[in-house]
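Novice: Next input, structure requested:
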Amino acid sequence: MNRHCPVFIIESCAAIASDKFITSATLPLNVFTNKLSEHLNKYYLPISADMLGDIAESYLRVLVESNIDDSNDLLKSYVYNRIHFRRTGKNRSWGSAISNPSKGLKNLQFDFGLARRNFRAYIYSYKNHAANSRANGWTLDKFEHADFIKEIADFEYSGFDLLT
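Specialist: Residues are numbered from 1 along each chain as shown. Here you go, the predicted model:
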């Protein structure tokens, strides 16, 4: 594809990498970011694994600073929130025949500082049980609108991924 990946998909993949890193406990973060960036690069202009890694690391730092006990649930809820809702709280129009949220961007203007601030804001809303902040049992494999996003749920990560 000749367009850049939408920011919400980049942020979702970084959150997925952070979640997998926490649950694996033995694999380095770059195993997850490499695989996710390879997958996104099939559909969009190249996104470096280092970029995803930097975002995922910043998410992990914010989690540590915020003393979050249920970080896995929070990260899964963040992915749910980013995929289903815009920053303003409006639903993404996945079922629309006119616009597709996964359509690429002409120009990628990613701001690491803004992504970190927005993640902190999400943590605050999550802690305060704000609307749209919890996934309530939703998992990525239940996502039905874009198959390439749903495929991420089926990824298996291992130490052999370090060799590629």
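Novice: Please enumerate the strands of this protein.
Specialist: Along the chain, counting by DSSP state E, no stretch forms strands.
Novice: quick one: the nearest residue to K20 once chain neighbours are set aside from A135, how far?
Specialist: Excluding the flanking residues, the one nearest K20 by CB to CB, 6 or more residues apart in numbering is F32, at 4.6 Å. (Each C-beta comes from the backbone N, C-alpha and C, glycine too.) Per CB to CB, to the nearest Å, F32 is found 19 Å from A135.
Novice: Which one of these two is surrounded by more residues?
Specialist: Between F32 and A135, counted using other CB atoms under 10 Å, the more crowded position is F32 (26 against 20).
Novice: ok, which stretches of the protein are helices?
Specialist: For the chain, the helices defined by DSSP state H cover 7-24, 29-41, 49-66, 71-84, 112-127, 147-150.
Novice: With mean pLDDT as new columns, can these be given to me in JSON lines?
Specialist: Shown next, in JSON lines, are the helices of the chain (pLDDT from 0 to 100):
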{"stretch": "helix 7-24", "mean pLDDT": "94"}
{"stretch": "helix 29-41", "mean pLDDT": "93"}
{"stretch": "helix 49-66", "mean pLDDT": "96"}
{"stretch": "helix 71-84", "mean pLDDT": "91"}
{"stretch": "helix 112-127", "mean pLDDT": "93"}
{"stretch": "helix 147-150", "mean pLDDT": "80"}
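Novice: Tabulate these in JSON lines, adding columns for distance to K90.
Specialist: Listed next are the helices of the chain as JSON lines, based on distance: least, CB to CB, whole Å:
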{"stretch": "helix 7-24", "distance to K90": "12"}
{"stretch": "helix 29-41", "distance to K90": "24"}
{"stretch": "helix 49-66", "distance to K90": "23"}
{"stretch": "helix 71-84", "distance to K90": "10"}
{"stretch": "helix 112-127", "distance to K90": "15"}
{"stretch": "helix 147-150", "distance to K90": "19"}
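Novice: nearest to S99, of those?
Specialist: Among the helices of the chain, helix 7-24 comes nearest to S99, with 13.7 Å by CB to CB.
Novice: and for that closest one, what are the contacting residues?
Specialist: Outside helix 7-24, the residues that touch it by CB atoms under 8 Å, 6 or more residues apart in numbering are 27-29, 31-33, 36-37, 40, 47, 51-53, 55-56, 59-60, 63, 71-72, 75-76, 78-79, 82-83, 86, 92, 101-102, 105, 108, 110, 115, 118-119, 140, 149, 152, 157.
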